[in-house]
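[1] here is a sequence with its predicted model. Questions after.
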There are 2 protein chains.
Amino acid sequence: MKYLFTTILGSFVLDDRLTVSEEVPFNSIKDYERKSETENKLRKKYPGLKGLPAEKLSGALASLRDKKYFSPFHRQNLALTKKAIKESVSEDQLIIQTIANINELDKTGNLLVKRLREWYALYFPEIEHRVPHQEKFVELISSRSREQLMKELKVSDTMGANLEKSHVEEIILLANAVAALYKLRKQHETYLEKVMKQYCPNLLELGGTTIGAKLLELGKGLKRLALLPASTIQLLGAEKALFRHITSGSRSPKYGILYQHPLVQKAGKDQRGKMARMLADKLSLCARLDYFKGEFKAKEYRLGLEGKV
Amino acid sequence: MKYLFTTILGSFVLDDRLTVSEEVPFNSIKDYERKSETENKLRKKYPGLKGLPAEKLSGALASLRDKKYFSPFHRQNLALTKKAIKESVSEDQLIIQTIANINELDKTGNLLVKRLREWYALYFPEIEHRVPHQEKFVELISSRSREQLMKELKVSDTMGANLEKSHVEEIILLANAVAALYKLRKQHETYLEKVMKQYCPNLLELGGTTIGAKLLELGKGLKRLALLPASTIQLLGAEKALFRHITSGSRSPKYGILYQHPLVQKAGKDQRGKMARMLADKLSLCARLDYFKGEFKAKEYRLGLEGKV
């Protein structure tokens, strides 16, 4: 009676005392991946060769406990782990990194534009309340001179100092940098949408780019998100309020990140909790459809929910 | 007996009952600024015209309390205030804005480079510990491909995923943005130095660009800095520790922002407090020299202090 036993070290033919009678060592992970070829060859050579029964496993491993196997085992194991790490990067991580970076860009953009407003106010304070929109403000001051702005905004006289050109240019450098950050944010969003369209079209359609990606981030990847119950998805991003509810008995939260979703926003104040629940239901289905490569149903879901607002 | 009395409204000739006998109204702030011309003309016209004695001021003002003066008074006062605001912007504010912005750029640069490292680690994790310097890291990944980097850093194999070009490009966009922020920081520093060389050469020479500008920020301008005692300058930036010392009796701080100065850094640990005191002494002198447009003595001071390390 002979047994066939294959590990990352190689394919082994064991006799009934479980000692090695023939071995075909694997020199690389590629050999290991083509192990079935090797096994077939050995099966042809030894007719009646059996697979190793489970109860004999520890005995078989004991006969491989030999110093000569230590270094190939280390080498093969390392290579296998490296390969697994290399292949573990999925769209999940790319999406999560991108949305995290978009959030970071929002934060840093805000910080810098506040500085920019303060600095530019030395030169032209009247613009401050006339252009409250941050992006518009940055675009205006980086593309127009103070004289042009005064004309456009109908300001006849300014209390700002008549700074020399070199001083103004320094402020404009900052404005250009902030404008570049805004532009990068937009590029990231386009990229994110492209990746999500491939990877999770349903989630993208119903959740939108930002909320869909945020859900992937909070759910720690599409697989886990698909496995979460809808009620958990409803509360993703409201962890703090949820634990406060559990520990101190304050009111339970009705929504986390979903609060920002247009459908929840559009619903009446007393309907928002209900809408968040229905939306989470459908988003959960979307995540499952996307994870198991199912059909594209999100549009249907969205229209259904819109009818209920 | 006639008196001459000039306000922003105009020049007035008052008789001894303090009623207006002649007035030359000012129609603009410019007229007011050339008031001495008007006054001279009136003095020629009325020989023996006297300035208004202080005890008659309230009487004179009472005779100007007439409705016809209200609107010109409002107009002139507003114009004068606007002008004062316009002229209140000095190099102080420009320096303070610039150094505040440099600090902001440092902060945001750090945040973004952390994100960049995490993101790029999906693609080439081995670079992480090999290039700890942030700016170097950004420069390397934005200018070289992974293959080039592997060769340069002598990495034979990577655990990073083989991302498609479009994914890698998105990461590099972020790297470029961070590199631009670093560049802007450097430009701001050059600009700051240029402004300070004009405005406060002594402070610049002894304090350096960053610490000199920081002192102006903490001291709220050159004038106030020049008036501060050296012991206060020594503790600028250590306000928290100082108040803790006062309220809870913990040990008194020996230095604030001056801790970062090379002279204090170079001094032995037990000498740092002493060095900070001597440095603050000289910096205080520097601020005074700069404010009162005195000579350039900072180099002398610096050499003297360096001899004492």
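    Nice, I can see it.
[2] rest of the way, CA atoms for contacts and neighbours
    Noted.
[3] now the helices for the stretch 1-150 of chain A?
    For the stretch 1-150 of chain A, the helices defined by DSSP state H, counting those that start in this stretch cover A:29-33, A:35-45, A:57-63, A:67-88, A:91-120, A:127-130, A:134-143, A:146-152.
[4] closest to chain B out of these?
    Minimum separation from chain B across those (C-alpha to the nearest C-alpha) falls at helix A:67-88, 4.6 Å.
[5] show me what counts as buried in the closest one.
    Buried positions in helix A:67-88, judged by neighbour count with 16 or more other C-alpha atoms under 10 Å in any protein chain shown: A:72, A:76, A:80, A:82-83, A:86.
[6] re the thing from before, comparing the helices of the stretch 1-150 of chain A, which comes out most buried?
    Among those, helix A:91-120 has the highest mean neighbour count (mean count of other C-alpha atoms under 10 Å in any protein chain shown), at a mean of 19.
[7] run the chain-centre distance for the longest helix belonging to chain A.
    Counting residues, the longest helix found in chain A (DSSP state H) is helix A:165-199. In terms of C-alpha atoms, centre = their mean, to the nearest Å, the centre of helix A:165-199 is found 21 Å from the chain centre.
[8] then stretch A:246-263?
    Here the centre of mass of C-alpha atoms in stretch A:246-263, compared against the chain's by C-alpha atoms, centre = their mean, lies 22 Å away.
[9] can you pull the domain assignment for chain A?
    A:3-88, A:91-192, A:200-308 (automatic domain parsing).
[10] now residue A:225, nearest residue through space, not along the chain?
    In space, and not counting its chain neighbours, residue A:225 is closest to residue A:219: 5.0 Å by C-alpha to C-alpha, 6 or more residues apart in numbering or on different chains.
[11] how about CSV for the helices of the stretch 1-150 of chain A, with mean pLDDT and distance to residue B:90 added?
    Formatted as CSV, the helices of the stretch 1-150 of chain A follow (pLDDT from 0 to 100; distance: least, C-alpha to C-alpha, whole Å):
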stretch, mean pLDDT, distance to residue B:90
helix A:29-33, 89, 70
helix A:35-45, 91, 78
helix A:57-63, 87, 82
helix A:67-88, 88, 57
helix A:91-120, 94, 12
helix A:127-130, 92, 20
helix A:134-143, 95, 21
helix A:146-152, 95, 19
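[12] would a markdown table of those helices with distance to residue B:118 be doable?
    Formatted as a markdown table, the helices of the stretch 1-150 of chain A follow (distance: least, C-alpha to C-alpha, whole Å):
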| stretch | distance to residue B:118 |
| --- | --- |
| helix A:29-33 | 28 |
| helix A:35-45 | 36 |
| helix A:57-63 | 40 |
| helix A:67-88 | 15 |
| helix A:91-120 | 8 |
| helix A:127-130 | 37 |
| helix A:134-143 | 28 |
| helix A:146-152 | 41 |
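[13] as CSV, those helices with distance to chain B would be great.
    Shown next, in CSV, are those (distance: least, C-alpha to the nearest C-alpha, whole Å):
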stretch, distance to chain B
helix A:29-33, 14
helix A:35-45, 23
helix A:57-63, 29
helix A:67-88, 5
helix A:91-120, 6
helix A:127-130, 15
helix A:134-143, 15
helix A:146-152, 15
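[14] need the residues that contact stretch A:227-234.
    The contact list for stretch A:227-234 (C-alpha atoms under 8 Å, 6 or more residues apart in numbering or on different chains) reads A:215, A:219, A:225, A:254-256, A:258, A:276-277, A:279-281, A:283-284, A:288.
[15] try 6 Å
    Stretch A:227-234 is contacted from outside by A:255, A:280-281, A:284, using C-alpha atoms under 6 Å, 6 or more residues apart in numbering or on different chains.
[16] repeat for stretch A:172-180
    Contacts of stretch A:172-180 (C-alpha under 6 Å, 6+ apart): A:138, A:142.
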